[in-house]
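Student: Got a predicted structure here, sequence first:
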Amino acid sequence: MAFCSCVKKHGLVLAAALFVAFLINSTGDAAARPELASLVVDGYSGKVLFARKADARRYPASLTKIMTLYILFEEMKNRRISKHTLMRFSRRAAAQQPSKLGLRAGSKIRAIHAIKALVTKSANDVAVVVAEHISGSEYKFARRMTRTARKLGMSRTVFRNASGLPDRKQVTTARDMVTLSRAIQRDFPEYFHYFKIRSFSYKGRKYRNHNRLLGRYQGMEGIKTGYTRAAGFNLTTSVKINNRHIIAAVLGGKTGKARDAYMRYVLDRSLPRAVRLTPAKLRARKLRLARAKTRSNSDRHTVKLLRRSVETPLEDRSLDAKIAAIIDKPVVLSSVVTAASITDTGKALEQGSRKPENRPSIIPRRAPSVPSRAIVAVNTSPWNIQVGAYSYKEQAISRLAAVKRAAAWILKGRTGFAMEVNKGEKTFYRARFGLDNKRIASLACKNLKRKSIPCIVLQN
């Protein structure tokens, strides 16, 4: 009897010990794998369609690479990096933990291949390569990532590295990840299509996109998956179907299949409630975006030529021909003294260029045809923006037309005029745009300077 009671006693103790151990392990798993967080918003209106712990902080894992790509696209759009720019693998980059391409230190990769490796393979070594190429170090790049996050409205996100490898201080929320996913699609429509890539071949190896919903969920456009043990399985998506657009984030899935199943659930639930654009509104939207993209590409080229035209010698006709081709009329530009020659007190120096001796006069073959709404003869505005001064009226009009084309959205509805100025025996023409007040003129000039178009603000 004593033996039986002893066995029972020890059995109860063992069972209690096992139960406590189970509770401890369960608590540890819960801490490592926080509860699911999700958010779905309307891509057109921004309205929240579904939310669950959307502001709870989570680890982003490889969703971090969306911000890495955002900054890379920013550099490409500003022409500091091209698709063919070579980026070098440092020892630190080559030593990153998988997932990675596994290239040796000293190897180089083109920007276009880096983009595809980040989207499909989610290569940690490539993320460091991009960071070091742009900012010199991953630490400096991470600081830029956080600053960019704040500018985009991601108030609860902190980045400490470019890849998403574990760092306790690198956190985000479902809401912030949706904000980032919307921003990268809005700000870089010309590059967003890379997130649709389902596979990527490099150096004889083929890498599949980790987003298994691509090609399996109708209308899926991407964008990125992520996983670490502490973060769980993360995913952000963009879906366009039946003239509707929604963007979603799911953070903290226990398995990849469970995460994908939950993503399907929130997408199916949210799509019927999303704004549906009429075919006419959708066409107008697509046309507006296409025009903006075309104008952006041509504007960058025109601005580059205008910037060079400021310092181009009078006898250099090749640049004139290029600018003339852009504005569809034969034009000859003369040298211009830019806003750099204006004193800090705002006092304008006269900008007429003196014609060198023994140099034949250069007169345009014909003046460009400019709409009357864009160029006027009389200045009736209280404030002006001056973009140059020329020896001939036709040249001033040409400058106005070129600037108008290069900065159409800034100068929309603004009239331009060639102001005649006589100084002794010399006559020259100032190219100006009229504006309503000083504040508007200052803001417009500031934006022109951002596009590398010299200008000064003057009161009429």
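Tutor: Good, I have the coordinates.
Student: List the buried residues for stretch 223-240?
Tutor: Buried residues in stretch 223-240, counted by 16 or more other CB atoms under 10 Å: 223-228, 231-240. All C-beta atoms are positioned from the backbone trio N, CA, C, and that covers glycine.
Student: residue ranges of the helices in this protein, please?
Tutor: 2-32, 64-77, 91-94, 111-116, 124-135, 138-152, 174-187, 256-270, 279-309, 317-326, 393-406, 438-450 (DSSP state H).
Student: Map the structural domains onto the sequence of this structure.
Tutor: 32-277, 285-356+364-459 (automatic domain parsing).
Student: which of the ones you listed sits most buried?
Tutor: Stretch with highest mean neighbour count among the domains of the chain: domain 32-277 (a mean of 19; mean count of other CB atoms under 10 Å).
Student: which stretches of this structure have low pLDDT?
Tutor: 1-33, 285-286, 288-380 (pLDDT under 70).
Student: if you set the cut-off to 50 instead, what comes out?
Tutor: 1-4, 6-10, 12-31, 298-299, 301-377 (pLDDT under 50).
Student: quick one: residue 256 and residue 232 touch, right?
Tutor: No. In this structure, residue 256 is not within contact of residue 232 by CB atoms under 8 Å, at 9.9 Å.
Student: How about residue 98: what's its closest non-neighbour residue?
Tutor: residue 124 (7.0 Å; CB to CB, 6 or more residues apart in numbering).
Student: distance of the one you found from residue 105?
Tutor: Distance check for residue 124 against residue 105: by CB to CB, to the nearest Å, it reads 15 Å.
Student: Repeat that for residue 283.
Tutor: Relative to residue 105, and taking CB to CB, residue 283 is found at 51 Å.
Student: Equivalent analysis for residue 150, please.
Tutor: 34 Å.
Student: now swap in residue 215 and tell me
Tutor: From residue 215 to residue 105 the distance is 36 Å (CB to CB).
Student: Likewise for residue 80?
Tutor: 24 Å.
Student: Pretty sure residue 176 sits against residue 159.
Tutor: No. Taking CB under 8 Å as the definition, residue 176 is not a contact partner of residue 159, at 10.8 Å.
Student: list residues touching both of the two?
Tutor: residue 149 (CB atoms under 8 Å, 6 or more residues apart in numbering).
Student: Distance of the closest residue to residue 159 other than its chain neighbours relative to residue 163?
Tutor: Spatial nearest neighbour of residue 159, chain neighbours left out: residue 145 (3.9 Å); criterion: CB to CB, 6+ apart. Here residue 145 is placed at a distance of 11 Å from residue 163 (CB to CB).
Student: so what sits against both of these two?
Tutor: With CB under 8 Å, 6+ apart as the test, residue 145 and residue 163 both reach 64, 68.
Student: now stretch 387-400, how far from the chain's geometric center?
Tutor: The chain centre lies 35 Å from the centre of stretch 387-400; the measure is CA atoms, centre = their mean, to the nearest Å.
Student: How about stretch 170-184?
Tutor: Distance, centroid of stretch 170-184 to centroid of chain: 14 Å (CA atoms, centre = their mean).
Student: what do you get for stretch 39-48?
Tutor: 20 Å.
Student: try stretch 93-104
Tutor: With CA atoms, centre = their mean, you get 26 Å for stretch 93-104.
Student: next one: stretch 217-226
Tutor: Relative to where its chain is centred, stretch 217-226 has its mean C-alpha point 19 Å off (CA atoms, centre = their mean).
Student: May I have it as CSV, with CA atoms only?
Tutor: Extracted in CSV, the C-alpha atoms of stretch 217-226 (Å, rounded to 0.1, in the frame of the first residue of the first chain):
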residue,chain,number,x,y,z
TYR,A,217,-4.9,35.3,-56.3
GLN,A,218,-6.5,37.2,-59.1
GLY,A,219,-5.3,40.8,-59.5
MET,A,220,-2.3,40.3,-57.2
GLU,A,221,0.6,42.8,-57.9
GLY,A,222,3.0,41.9,-55.1
ILE,A,223,4.5,43.2,-53.1
LYS,A,224,6.8,41.6,-50.4
THR,A,225,7.1,38.7,-47.9
GLY,A,226,9.2,38.5,-44.7
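Student: ok, and what's touching it?
Tutor: Against stretch 217-226 from outside (CB under 8 Å, 6+ apart): 60-66, 119, 122, 164, 181, 184-185, 192, 195-196, 210-211, 213-214, 233-242, 264, 267.
Student: So which of these sit within strands?
Tutor: 233, 234, 235, 236, 237, 238, 239, 240, 241 (DSSP state E).
Student: show me the contacts for the fifth one.
Tutor: This means residue 237. Neighbours of residue 237 in contact, by CB under 8 Å, 6+ apart: 211, 213, 217, 220, 221, 222, 223, 247, 248, 249, 263, 267.
Student: could you measure the fourth one against residue 209, distance?
Tutor: Per CB to CB, residue 220 is found 11 Å from residue 209.
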